[in-house]
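Chemist: Predicted model, plus sequence, below.
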Amino acid sequence: MSADEVFTHIISWASENSHRGRLARAFKTNMGDSAELQAQRIGLLSIYMEREAQSA
């Protein structure tokens, strides 16, 4: 999966009413305007991606 596909998949979670949905919305809008927060968000979102890939 390319980086663009990963990003698109993560952003697709923004419509969910879940923890990963809230993370995706915060990442998408750069809530807090902080590079450190964005790095933490993408780290957590990558864990969700990894779990999803392992369950498939």
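Modeler: Nice, I can see it. Predicted model only: the values in this text are computed from it and were never measured.

Chemist: List the residues that contact the closest residue to G21 other than its chain neighbours.
Modeler: Of all residues not flanking G21 in the chain, W13 sits nearest, at 5.3 Å (CB to CB, 6 or more residues apart in numbering). Any C-beta I mention is one placed from the backbone N, CA and C, and that applies to glycine too. Counting by CB atoms under 8 Å, 6 or more residues apart in numbering, W13 makes contact with 20-21, 23-24, 45, 48.

Chemist: Please, a PyMOL command that selects the buried ones among those residues?
Modeler: Restricted to buried positions by 16 or more other CB atoms under 10 Å, the PyMOL selection for the contacts of W13 reads:
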select buried, resi 20+23+24+45+48
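
Chemist: I'd like to know which of the contacts of W13 is nearest to S2.
Modeler: Nearest to S2 among the contacts of W13 is L45, at 16.1 Å by CB to CB.

Chemist: which residue packs closest to the closest one, ignoring adjacent ones?
Modeler: I10 (5.1 Å).

Chemist: pLDDT score assigned to that neighbour?
Modeler: If you check I10, the pLDDT there is 93.

Chemist: I figured it hits G21, correct?
Modeler: No. At 10.4 Å, I10 does not count as touching G21 under the criterion of CB atoms under 8 Å.

Chemist: chain center to the worst-scoring helix or strand of the chain on mean pLDDT: distance?
Modeler: Within the chain, no helix or strand scores below helix 3-12, which has a mean of 92 by mean pLDDT, DSSP states H and E. When distances are taken as CA atoms, centre = their mean, to the nearest Å, helix 3-12 is centred 8 Å away from the chain's centroid.
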